[in-house]
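Visitor: coords below, sequence missing:
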Ligand code: SF4
């Protein structure tokens, strides 16, 4: 148990929805969520197929621990071929949608084809309907969720949907669930839009069982306690991820003005103190913290915007609480675009959730546009008359809205930084890997982060490895390959359990092992979990190679490799990717061209897979 | 000993560990729809309020039941439903002014909080202290926990 042992296969072209048994052989080899969905993707599509075409498969996947009492058990992943990167996309999210999908009886939901007209899925346990979404097409994520709840007269309905950005193919459109949690990265929302699928509304009444309840509850009790007592967990609860802004500022790894700089003079206007500061008029940005399903950390922020702020002064529809700033949103609407107005940042965050876009990719794309503007490559004639200078808070919110609604220059920003910069003949200004924008960490200051960005299978990402400790200790490229490789395998495993990566504030592999071993039938020694992580990583790599990517895509923009960091602890340094990458390939058991060797594939049981 | 759950919504993060624990205790499954404590969200998610039976003195459900299926557990003070006796007439659900005794279609009976025999699992699971077990001898016991003012702590 742990798994529901059932998947739902929806073919939107044919208009069918059929349940079938979960392939337990694959579940045993890939666990769930990210890993299992990657295996299903690999087996169900040609990796070379058009990401926005009907042959792409969009998978919503829960893990064996999703919906259980393990802390942070609300996770699900959306796995597909991503339009932003043309590589495998795996984006995971919290909130309450994932557990609900599991309670409806499904480990995975596979979506094939393309509906002839807009539709949404309504799932109540084994009753599945493909319904017309004509009334919803063109609506925001927030209005869609409200409409579905009232139309079905079910306030407990859980909804994952896309906004206009996803409908119109903004390359980094995301899938938003529960109003402000998102499968954020790699454009999975654009794939959903390409299938004419507006939303998935689910209610589950079937519950989840574990294999050995007593052992499981003992593991739950102990692991909850570890989280409760951990200092890292406490910081996440109290400050959210935004606490990182002060450390990155001090360290000199806070990407500023499109990564031209690594420290931002306005950082202290965006840190946790700024979020909790009571202003002269009594307003305070942060209202409270909020948990995702099953989560005993509760790092999520709920904030509101000062009603007198220029962004919403005449727009009472935004005078309510919603998801507040987290580190990545603070970075993407703050330092990287040079803005230090916390209300404007918070509003930009609202807009991302309302319209369904990845804040990281949007912010870093806007940063590139600002650099193009300041260089004179683009002018007011291109930008609908908006002065795209770094630091212009109004430009941030106006462009966020234009992109979300797919209007004017927003359509260009919707291309993502790589396509946009290529269009203007300045590809080097796109701060991305494989087309996906960097997160809020500079890879000259954090060397391992550079290797992690370069080799992440979904394009630049800070959540595909975890080598912060090593990176902060040693700023040379020496010895980075190992912690990156090891933590990549580990995060691939954690992302496949149904739990949140942030539990690693207190847990390591033994804690995941205890919970998996009690929840799932069979023996789950740590070595098996490590092997699963490595297998997933190599399967994703194979998908990308089959999709046409090569070792040449494992690189960083010249700014990271040639322009020394201008200040901070890494002043004068560049990212030593050329030193780290060959070592990494070797450790992975890959050839010098980045191809998994015959022995590696054999060792991981990947050989008999599709060619 | 008379017990009751003391709830401080101000501390609640809406994690639903209480619903998970309750459903597991009573059904052996993790299934929030079968939880006898329910967390409701208000104000666009800025506020979450756990809601369950307060074991009120008046015991409307108990008095309304035509077949005496609801009795007081002498050890804990919980008003509890004897499923063998319950005929599923739902009168108690109408009588309860708090809406915390509910009919379950799949069993044809009603279900309500029974304080888990004295160690309420929701309170054990709650990571924030939003749910605690009140002691009869403390001053707060006389106050309906749901009416406690904002910011009050147990
Ligand atoms: S366990 Fe506690 S914090 Fe979590 S939802 Fe229940 S009452 Fe709220």
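Guide: Everything's here; your move. The structure displayed is predicted, hence computed values, not measured ones.

Visitor: near chain A, which residues of chain B?
Guide: Contact residues (CB under 8 Å from any CB of the partner chain) of chain B with chain A: B:13-17, B:20-21, B:23-24, B:27-34, B:43-48, B:125, B:127-128. (C-beta placed from N, C-alpha, C; glycine too.)

Visitor: Of the residues you listed, grab the buried ones for PyMOL.
Guide: Remark: buried members of the residues of chain B next to chain A, expressed as a PyMOL selection using 16 or more other CB atoms under 10 Å in any protein chain shown:
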select buried, chain B and resi 13+14+15+16+17+20+21+23+24+27+29+30+31+32+33+34+44+45+46+47+48+125+127+128
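
Visitor: filter the residues of chain B next to chain A by proximity to the ligand?
Guide: For the ligand, the contacts drawn from the residues of chain B next to chain A by CB under 6 Å from any ligand atom are B:13-17, B:48, B:125, B:128.

Visitor: which pair in the residues you listed spans the largest distance?
Guide: Largest separation among these by CB to CB: B:48 and B:125, giving 15.0 Å.

Visitor: if you look at the residues of chain B next to chain A, which of them are in helices?
Guide: In helices, judged by DSSP state H, the following of those are found: B:17, B:20-21, B:23-24, B:27, B:125.

Visitor: Run a quick neighbour tally on residue A:535.
Guide: 24 (other CB atoms under 10 Å in any protein chain shown).

Visitor: wait, I meant residue A:469
Guide: Per other CB under 10 Å, the neighbour tally for residue A:469 reads 10.

Visitor: With residue A:487 as the reference, measure out to it.
Guide: Between residue A:469 and residue A:487 the computed distance is 10 Å (CB to CB, to the nearest Å).

Visitor: Tell me where the model's unsure across the chain.
Guide: Unless you meant another one, I'm taking chain A. For chain A, residues meeting the criterion pLDDT under 70 lie at A:608-611.

Visitor: My question was about chain B, not that one.
Guide: Residues of chain B that meet the criterion pLDDT under 70 lie in B:1, B:135-154.

Visitor: which stretches of it form helices?
Guide: With DSSP H as the criterion, chain B has helices at B:17-27, B:60-64, B:91-95, B:121-125.

Visitor: In contact with the residue located most distally from the centre of chain B: list those residues for me.
Guide: Ranked by distance from the centre of chain B (CA atoms, centre = their mean), the top residue is residue B:44, with 24.3 Å. Residues in contact with residue B:44 (CB atoms under 8 Å, 6 or more residues apart in numbering or on different chains) are A:179, A:302, A:320-322.

Visitor: and those, which of them are in helices?
Guide: With DSSP H as the criterion, helices contain none of the contacts of residue B:44.

Visitor: Buried ones among those?
Guide: A:179, A:302, A:321-322.

Visitor: near chain B, which of those show up?
Guide: Answer for the buried ones among the contacts of residue B:44 near chain B (CB under 8 Å from any CB): A:179, A:302, A:321-322.

Visitor: so which of those comes closest to residue A:45?
Guide: Nearest to residue A:45 among those, with distances taken as CB to CB, is residue A:179, at 30.8 Å.

Visitor: In this structure the closest one contacts residue A:143, no?
Guide: No - using CB atoms under 8 Å, residue A:179 makes no contact with residue A:143, being 10.8 Å away.

Visitor: And the residue of the stretch 101-250 of chain A that's closest to chain B?
Guide: Closest residue of the stretch 101-250 of chain A to chain B, CB to the nearest CB: residue A:207 (2.8 Å).

Visitor: give me every residue that touches the closest residue to that residue other than its chain neighbours.
Guide: For residue A:207, ignoring the flanking residues on the chain, the nearest one in space by CB to CB, 6 or more residues apart in numbering or on different chains is residue B:31 at 2.8 Å. Shown in contact with residue B:31 (CB under 8 Å, 6+ apart): A:103, A:205-208, B:23.

Visitor: what helix or strand does residue A:176 sit in?
Guide: According to DSSP states H and E, residue A:176 maps onto strand A:175-177.

Visitor: contact partners of stretch A:38-56?
Guide: Residues outside stretch A:38-56 that contact it (CB under 8 Å, 6+ apart) are A:7, A:13, A:23, A:26, A:29-30, A:57, A:59, A:61, A:79-83, A:86, A:88, A:90, A:108, A:110, A:112-114, A:169, A:187, A:190-191, A:194-195, A:536, A:539-540, A:542-544, A:546-548, A:609-610.

Visitor: 7 Å - rerun?
Guide: With contact meaning CB atoms under 7 Å, 6 or more residues apart in numbering or on different chains, stretch A:38-56 is reached by A:13, A:26, A:30, A:57, A:59, A:79-83, A:86, A:88, A:90, A:108, A:110, A:113-114, A:169, A:190-191, A:194, A:536, A:539-540, A:543, A:546-548, A:609-610.

Visitor: Fine by me, thanks again.
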